[in-house]
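Participant: missing the sequence, but the structure's below:
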């Protein structure tokens, strides 16, 4: 009974963390992550054993505090970036502020990317070879979907730039 409660609590934490990541994905230029559910959603599709689920939950929990903190910092920096973009007149001083703020946001995004990569590496370490293979297949599908969306966006941009308003 106690083990069942622990498993439920861990899954709730995992789903909460996945929700935080996917809910914030759109705000950080990753709308496609929300649609596809991200890596944690793919992990959920791998038919993990109870032991693996507990291990994933522990891994995610170990990164959660720092990830949430980084996302909160990024949100405030993105607000500064938004404010800098709206400065009038847009002179050299405003341009410098915009560039500095953009670099600040880029550093935070880099940290988040590295943390996610480390977390995924830790998770992959507990997967079976079959699960790793399935995860690679799902990620490849995701990359192909992103390429398709990019091509569609490029096509739309070309229409507008060529004066062919859809």
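Facilitator: Now that the structure is in, tell me what you want to look at. Keep in mind that what you see is a predicted model, and the values were worked out from it rather than measured.

Participant: Show me where this protein dips below the pLDDT cut-off.
Facilitator: The chain contains residues with pLDDT under 70 at 1-37, 165-166.

Participant: Can you mark which positions in the lengthiest helix in it are buried?
Facilitator: In the chain, taking DSSP state H as the definition, the longest helix is helix 50-85. Using 16 or more other Cβ atoms under 10 Å as the burial criterion, the residues of helix 50-85 that qualify are 52-57, 59-60, 63-64, 67, 70-71, 74, 77-78, 80-81, 84. Where you see a C-beta, it was placed from the backbone N, CA and C, and this is true even at glycine.

Participant: Now the phi/psi pair for residue 89, please.
Facilitator: According to degrees, to the nearest 10, the main-chain angles of residue 89 amount to phi -70, psi 150.

Participant: Near it, how many other residues are there?
Facilitator: 6 (other Cβ atoms under 10 Å).

Participant: measure it to residue 83 for me?
Facilitator: For residue 89, the distance to residue 83 (Cβ to Cβ, to the nearest Å) stands at 15 Å.

Participant: Then residue 149?
Facilitator: From residue 149 to residue 83 the distance is 29 Å (Cβ to Cβ).

Participant: Isn't residue 84 up against residue 105?
Facilitator: No - applying Cβ atoms under 8 Å as the test, residue 84 and residue 105 come out as separate, 10.6 Å apart.

Participant: could you pull out the strands for this protein?
Facilitator: Counting by DSSP state E, one finds no strands in the chain.

Participant: what about residue 141, distance to residue 41?
Facilitator: If you go by Cβ to Cβ, the gap between residue 141 and residue 41 works out to 13 Å.

Participant: To clarify, my last question referred to residue 126.
Facilitator: With Cβ to Cβ as the criterion, residue 126 and residue 41 are 17 Å apart.

Participant: what's the answer for residue 72, then?
Facilitator: Residue 72 is 23 Å from residue 41, by Cβ to Cβ.

Participant: between residue 141 and residue 41, which one's more packed in?
Facilitator: It is residue 41, of residue 141 and residue 41, that has more neighbours when counted by other Cβ under 10 Å, with 16 against 12.

Participant: Report the contact partners of residue 132.
Facilitator: By Cβ atoms under 8 Å, 6 or more residues apart in numbering, the residues touching residue 132 are residue 124.

Participant: likewise the one 3 residues further on?
Facilitator: Applying Cβ under 8 Å, 6+ apart to residue 135 gives the contacts 42-43, 46, 124, 127.

Participant: Repeat the analysis, applying 7 Å as the threshold.
Facilitator: Taking Cβ atoms under 7 Å, 6 or more residues apart in numbering, we find residue 135 in contact with 42, 46, 127.
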